[in-house]
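In: I would like the atomic coordinates for the input below:
(one chain, ligands or ions: 1)
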Amino acid sequence: MRVSPRSASDRRSEATPSPVAGSEPSSSWLGNVVKAWMLVERFGRDAAGLSLLILAVLSLLGMTSLSQGSLISPWGLLLKRGFGLGGYGLIILLAYLGAQILWGHGGSAPIHFLKRFLSLEGALFAWMAWLSIMEGLDLERAESGLDGGIIGWALGTLSARILLPPLNILLWFTLWVGLTLIGLGLWERALAAVKRWVEQERQRLVTSSPTEAVTQAPSPSAPPSPSPHPAPGAVPVTIVNPGRDPRLPPLNLLIQEETNGVDEERILAVARKIEQTLAEFGLPAQVVGYRRGPTVTQFAVEPGFIERLGPDGQPTRQKVRVSQISSLNRDLALALAAERLRIEAPVPGHSYVGIEVPNSTTTPVRLRPILESETFQRLRSPLALALGRDVSGQPVVADLERMPHLLIAGTTGSGKSVCLASLITCLVMNNTPEQLRLAIMDPKMVELARFDGLPHLLGRVETEIERMLAVLRWALTEMDQRYRLFEAARARDLNAYNAKQARKNQPGLPRIVIIIDELADLMMSAPDQTEHSLVRLAQLARATGIHLVIATQRPSTDVLTGLIKANFPARIAFAVASSVDSRVILDTNGAEALLGRGDMLFLNPEVGTPIRAQGVIMKDSEINRVVAYWHQQATEPQEAPWEALLQEDDNEADDLLEQAIALVRRTQRASASLLQRRLRIGYPRAARLLDELEAMGIVGPAQGGGREREVLLPPEEDDQDTDPDEETA
Ligand SMILES: Nc1ncnc2c1ncn2[C@@H]1O[C@H](COP(=O)(O)OP(=O)(O)OP(=O)(O)O)[C@@H](O)[C@H]1O
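Out: Numbers count the residues shown, from 1 in each chain. Below is the predicted model:
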């Protein structure tokens, strides 16, 4: 957390007593002292600013000889002789200083302002020295008010004694340019631009230099690493894979992050505005620091004191309550012209309130730097997930193995699919298909279809509800099968089982991550079956290495049922429409104040309070390169293991159709719920059977409004033994 200096205005506002009904603050001697001090400070500052402006105008008149006088003329001459052309620079600086004290940042950030002012002052002197050197260090010219005046001449002459002329010129020129950049606040931006350029050049060299690839190639003992096969439109990249398993994709398939320079000027202005707004509402508080993330900057606000009169008539100081600050959320957003603000009151583990203000520009968070970060590497888990960066720009990572399942929710366009794509990429960057298998379900059909062809993928990306339900059924049987295997091998969990297998030189079992990008579709078509499968998997699958990542854009209680939520303690909330939705996902408010486009709150059950982060975003070219890399290694495309289950379903279908016809004929009723109940099948199968019956002319078309279909088949005449259950159904 960067800490900004205490400001004069803060000291003022801390001491300002808030009006108490029926009593004047001036009624106490302390109130009088405070009032007097405020007056002195206020008028002192105004007087100083005004004096400097007047001095600048008089100096200009004196130097240009536009006005003559017993004081102005000698002062103008003095400036000319002393500063030469730099005298004009000095006048500009005096005017700038005066204006800042009167209207600008002089009050709220004196140290920052002083740093800038002194830098500009230094730049002025460097320029004067440089001018004098360039004109041959001529004292006569200097005395007549040319070049850098006597001061410039003196500085140049002094340095000329120790430096060769070219170095002397270079020294003052560099000082002039450098200090000007610092003084104008352009230094950080220039540094960031240079860094960006160096990084781009480095990447260009790495990707174009064949020698680099040779020196970094895996050792001959290691299995040969395949060369990536670029997908159409993808940029060919040379493999560089230092320090990683050579079978894994090299990190330079992924792009580096670009950093934007920090606009300190804006940050200080916002800090001042926050203080001012709070003070206007009678809540003295001070911005004591800030943390800048890719999307928001969190300002640390320390509540000040309000002075009240106690029952004994004596003034007492009372600390501003954090709830008072958080209740001003909307007023602060209005004052800062911010779309949405989030107030963390207080920031866990700190004695301040965090006010999160959107940045003017957002920085996309990339996967590569997070994979390279120490935070990520420290997890040492094959299922480590790179989620994004927090409000101070630090990587946010989590271990899916420990979570052990993840629930993602947020309104449409908030960033769920982008998040899932980056999570999948992260997993396949760190695991071979022998170590990890993925089952991906994407009813939206577009977002995750890019991963088709990954050798990690079981089958293909599933988009049909019936096939998805089959995936869940398969996962349950796989889980049971694994438990039986573990029991036979006397292993407690997947890690223990794989270790035993490795000792016997036998292959282990891969971990399985099941990803669903839109739970709502499944829950709408087969709520009971989906909920039952998910809950059973969530409760039991951890030890067998099966993990679930499910996303939904409908954070309503019919999709995220109590049972599902109870079994998915790790959750990510992207932006939602209301605090009610936020509470459905996180059990607390906050997600309604997110900005969308990858801005998230991550609730890690091990931490307890949600962490705000900006999610990782992948470029299509990155995903294409990673998929193409693994595509190279793929052997024969394998059939999905749930294909057999679907086959069984089809075989049963004929039988079921027969039974359905008989049932409809007997009962003279046709509804999906009747078929579900009597034939013990799920909703999708029942709905399909009804469609088939309609196509065969046995039942009429759907009536809508929950009414049953008309049965077109006459009842069986000899059917005497009607089932009592059917009658009541
Ligand atoms: N982490 C991120 N960083 C920057 N921009 C992002 C990020 N995540 C998402 N976005 C932006 O938001 C847009 C929508 O994201 P995404 O498609 O993931 O939303 P979604 O929640 O899946 O929406 P839907 O439910 O409608 O599919 C993206 O096209 C992208 O421009």
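In: so who does residue 495 touch?
Out: Contacts for residue 495 were tallied using CB atoms under 8 Å, 6 or more residues apart in numbering; there are none. C-betas here are computed from N, CA, C, even on glycine.
In: Look up how far residue 129 lies from it.
Out: In this view, residue 495 and residue 129 are 70 Å apart by CB to CB, to the nearest Å.
In: who touches whichever helix or strand residue 674 is part of?
Out: Assigning secondary structure by DSSP states H and E places residue 674 in helix 672-679. With CB under 8 Å, 6+ apart as the contact definition, helix 672-679 has outside contacts at 656, 659-660, 663, 667, 681-683, 686-687, 689-690, 726, 729.
In: Could you rerun that using 10 Å?
Out: Identification of contacts with helix 672-679 by CB atoms under 10 Å, 6 or more residues apart in numbering yields 526, 528-529, 652, 655-656, 659-660, 663-664, 666-667, 669, 671, 681-690, 693, 702, 708-709, 723, 725-726, 729.
In: Of those, grab the buried ones for PyMOL.
Out: Filtering those down to the buried ones (16 or more other CB atoms under 10 Å) takes a single PyMOL command:
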select buried, resi 526+529+656+659+660+663+664+666+667+669+671+681+682+683+684+685+686+687+688+689+690+693+702+708+709
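In: Does the ligand have contacts with stretch 585-592?
Out: No. With CB under 6 Å from any ligand atom as the criterion, the ligand is not reached by stretch 585-592; the gap is at least 12.5 Å.
In: Next, the buried residues of that stretch.
Out: Quick answer for stretch 585-592 (16+ other CB under 10 Å): 585-586, 590-592.
In: wait, what's in contact with the residue of the stretch 251-400 of the chain found nearest the ligand?
Out: Nearest residue of the stretch 251-400 of the chain to the ligand (CB to the nearest ligand atom) works out as residue 364 at 5.3 Å. Shown in contact with residue 364 (CB under 10 Å, 6+ apart): 255, 257-258, 294-295, 597-598, 614-619.
In: From those, list the buried ones, please.
Out: Using 16+ other CB under 10 Å, the buried members of the contacts of residue 364 are 255, 257, 294-295, 597-598, 614-618.
In: Next, format those residues as a markdown table and append secondary structure, pLDDT and distance to residue 76.
Out: Formatted as a markdown table, those follow (DSSP: H, G, I helix; E, B strand; the rest coil; pLDDT from 0 to 100; distance: CB to CB, whole Å):
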| residue | secondary structure | pLDDT | distance to residue 76 |
| --- | --- | --- | --- |
| 255 | coil | 88 | 59 |
| 257 | coil | 77 | 54 |
| 294 | coil | 90 | 53 |
| 295 | coil | 89 | 53 |
| 597 | coil | 90 | 58 |
| 598 | coil | 92 | 60 |
| 614 | strand | 94 | 56 |
| 615 | strand | 95 | 62 |
| 616 | strand | 95 | 62 |
| 617 | coil | 94 | 60 |
| 618 | coil | 92 | 64 |
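In: Keep these, but drop any that are not near the ligand.
Out: Answer for the buried ones among the contacts of residue 364 near the ligand (CB under 6 Å from any ligand atom): 597-598, 614-615, 617.
In: which among those residues gets closest to the ligand?
Out: residue 598 (2.2 Å).
In: what sits opposite the spatially most central residue of the chain in the beta ladder?
Out: By CA atoms, centre = their mean, the chain has its centre lying nearest to residue 614, at 0.5 Å. Counting by DSSP bridges, residue 614 forms beta bridges with residue 389, residue 599.
In: Give the full set of residues in contact with it.
Out: 293-296, 359, 362-365, 387-391, 393, 396, 415, 594-595, 597-600.
In: now do residue 160
Out: 129, 132-133, 137, 167-169.
In: Local confidence estimate at it?
Out: What the model reports for residue 160 is a pLDDT of 89.
In: Any figure for the gap between it and residue 131?
Out: 14 Å.
In: go on, residue 359?
Out: Where residue 131 is concerned, residue 359 sits at a distance of 40 Å (CB to CB).
In: Show me the helices in the stretch 1-150 of the chain, by range?
Out: For the stretch 1-150 of the chain, the helices defined by DSSP state H, counting those that start in this stretch cover 8-15, 29-63, 72-83, 86-103, 110-134, 139-143, 149-162.
In: For residue 462, find the nearest of these.
Out: Among these, helix 110-134 comes nearest to residue 462, with 56.6 Å by CB to CB.
In: which parts of the closest one are buried?
Out: 110, 112-113, 116-117, 119-133.
In: can you check stretch 430-448 too?
Out: For stretch 430-448, by 16+ other CB under 10 Å, it's 430-433, 435-443, 447-448.
In: Mind checking which of the residues you listed are in strands?
Out: Those of the buried residues of stretch 430-448 mapping onto strands are 436-441, per DSSP state E.
In: Could you dump these into TSV and include distance to the ligand and pLDDT?
Out: Below are those laid out as TSV (distance: CB to the nearest ligand atom, whole Å; pLDDT from 0 to 100):
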residue	distance to the ligand	pLDDT
436	23	94
437	24	93
438	18	94
439	19	94
440	14	94
441	14	92
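In: sec struct for residue 180, please.
Out: helix (DSSP: H, G, I helix; E, B strand; the rest coil).
In: Next: residue 397.
Out: At residue 397 the chain is in strand, as set by three-state DSSP.
In: Which of the helices or strands spans the residue of the stretch 51-200 of the chain found nearest the ligand?
Out: Residue nearest to the ligand within the stretch 51-200 of the chain (CB to the nearest ligand atom): residue 196, separated by 18.6 Å. Per DSSP H and E: residue 196 is located in helix 187-208.
In: Give me every residue in the stretch 251-400 of the chain lying close to the ligand.
Out: Residues of the stretch 251-400 of the chain lying close to the ligand (CB under 6 Å from any ligand atom) are residue 364.
In: would you list every one of the helices in the stretch 251-400 of the chain?
Out: Per DSSP H, counting those that start in this stretch, the stretch 251-400 of the chain carries helices over the ranges 264-280, 322-326, 329-335, 367-372, 374-379.
In: Other residues contacting the last one?
Out: Just to be clear, that refers to helix 374-379. By CB under 10 Å, 6+ apart, helix 374-379 touches 243, 367, 369-371, 384-386, 394-399, 401-402, 426, 430.
In: what's the answer for the second one, then?
Out: Helix 322-326 is contacted by residues 274, 278, 281-283, 285, 301, 303, 306, 332, 341-346, 352-353, 355 when judged by CB under 10 Å, 6+ apart.
In: The nearest residue to residue 93 once chain neighbours are set aside: what's it in contact with?
Out: Spatial nearest neighbour of residue 93, chain neighbours left out: residue 120 (5.9 Å); criterion: CB to CB, 6 or more residues apart in numbering. By CB under 10 Å, 6+ apart, the contact set of residue 120 is 89, 92-93, 96-97, 179-180, 182-184.
In: Please give the element, helix or strand, for residue 512.
Out: Per DSSP H and E: residue 512 is located in strand 511-517.
In: Which neighbouring elements make contact with the helix or strand that that strand is followed by?
Out: For strand 511-517, the following helix or strand on the C-terminal side (DSSP H and E) is helix 519-525. Packed against helix 519-525, as judged by 3 or more CB pairs under 10 Å, 6 or more residues apart in numbering; DSSP states H and E, are the following elements: strand 406-409, strand 436-441, helix 465-489, helix 527-540, strand 546-552, helix 683-695.
In: Quickly compare the ones you listed and say which is most buried.
Out: Comparing these by mean neighbour count (mean count of other CB atoms under 10 Å), strand 406-409 ranks first with a mean of 28.
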